[in-house]
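Engineer: Compute the structure for the input listed below.
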Amino acid sequence: MNIPSTGQSAGQRVGRLETGAALMGMLVVGGSAAAQLPSPQQVCPNLCGQRGLVWTGDWRRQGNGLSCGCQRGADQPGILPQGTSGSRRPQFPQPNPTNPSSNQTTAAWLQAHNQYRTAVGVPPLVWSEALAAAAQGWANALAAAGGRELRHSTRSQRSGQGENLWMGTAGAFSATNMVDGWGSEQRFFRVGVFPNVSTSGNWADVGHYTQIIWRNTTQVGCGLATGSGNDILVCRYSPPGNVTGQPVF
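Structural biologist: Next up is the predicted model:
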């Protein structure tokens, strides 16, 4: 994933993944072998964000683990760790529930999706206002809940829809950058029947990308909301991708 050059370190993360929808985040993560660890850009923003911190961009390998440098962002309030007693509570900035996306932004989201589809020879998606409204509603809910955690809607809340989630420092990423955060997973993709579609052996390493290029998906709609200094992008897809036993295309 590309991390832009800005005045402060910027981070992005995607949701953990589940089938039928695309959820994927000093702090150390271990692995069975260093070569099998995901990239720092995939891991560090999520690890830091789980503690109310932001990734500084610093990292290093430690044997079979990965260390991420984290710090409190300038716009982030103090947060009491779990189990700490006291009366102080996090004071979250008010989320912006209004979709700031213009026709230009929605066109950029759609174009970015279709560039990945064209590259593998599947038909382009069309924009759905109904899916966009549903995506906007969930983006607003995540922002209102604090804007620091990516969490899928329930299956009943998005019946018949796939879902991709993304989060990054507010204002630091373009509409295309956001979709590219998912599309960058293509480096691990291999053609096959889901879930055997990743060179890493873990379909979650490519699940956002496979939802984008899933042949049977024909429509997409996205919504954006901001909370606690983070932009949250939700895209919904119909019919949903990542269906066990089916080929990606």
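
Engineer: neighbours around residue 145, how many?
Structural biologist: 15 (other Cβ atoms under 10 Å). The C-beta positions use only the backbone N, C-alpha and C, and glycine is treated the same way.

Engineer: Sorry, wrong one. I was asking about residue 107.
Structural biologist: 13.

Engineer: can you give me the strands in the protein?
Structural biologist: 12-14, 27-30, 54-62, 65-71, 126-127, 162-169, 219-227, 230-238 (DSSP state E).

Engineer: These: lowest mean pLDDT?
Structural biologist: Of all the strands of the chain, the minimum mean pLDDT falls on strand 27-30 (a mean of 38).

Engineer: Would you mind listing the buried residues in the helix ranked longest in the chain?
Structural biologist: Looking across the chain with DSSP state H, the single longest helix is helix 103-120. Across helix 103-120, burial judged by 16 or more other Cβ atoms under 10 Å covers 105, 106, 108, 109, 110, 112, 113, 114, 116, 117.

Engineer: Tell me who's in contact with the fourth one.
Structural biologist: Meaning residue 109. 101, 175, 178, 179, 220, 222, 235 (Cβ atoms under 8 Å, 6 or more residues apart in numbering).

Engineer: list the contacts for the second one?
Structural biologist: Going back to what we said before, that points to residue 175. 101, 105, 108, 109, 112.

Engineer: Return the helix or strand in this protein with minimum mean pLDDT.
Structural biologist: Each helix and strand of the chain was given a mean pLDDT (mean pLDDT, DSSP states H and E); the minimum falls on strand 27-30 at a mean of 38.

Engineer: Tell me, please, where in the chain the pLDDT is lower than the cut-off.
Structural biologist: Applying pLDDT under 70 to the chain picks out residues 1-39, 41-43, 46-56, 58-68, 70-101.

Engineer: can you map out the helices along it?
Structural biologist: Using DSSP H, the helices of the chain run over 40-49, 103-120, 129-144, 175-183, 207-213.

Engineer: Adding distance to residue 57, write those helices out as CSV.
Structural biologist: Formatted as CSV, these follow (distance: least, Cβ to Cβ, whole Å):
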stretch, distance to residue 57
helix 40-49, 8
helix 103-120, 24
helix 129-144, 25
helix 175-183, 16
helix 207-213, 22
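
Engineer: nearest to residue 151, of those?
Structural biologist: With Cβ to Cβ as the measure, helix 129-144 is the member of the helices of the chain nearest residue 151 (6.6 Å).

Engineer: Render the CA-only coordinates of stretch 147-155 in CSV, please.
Structural biologist: Below are the C-alpha coordinates for stretch 147-155, written out as CSV (Å, rounded to 0.1, in the frame of the first residue of the first chain):
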residue,chain,number,x,y,z
GLY,A,147,-14.0,6.2,14.0
ARG,A,148,-11.1,4.0,15.1
GLU,A,149,-12.3,0.5,14.4
LEU,A,150,-13.3,-1.3,11.2
ARG,A,151,-16.1,-3.8,11.8
HIS,A,152,-18.3,-5.5,9.3
SER,A,153,-22.0,-5.0,9.3
THR,A,154,-23.9,-8.2,10.1
ARG,A,155,-25.1,-10.5,7.3
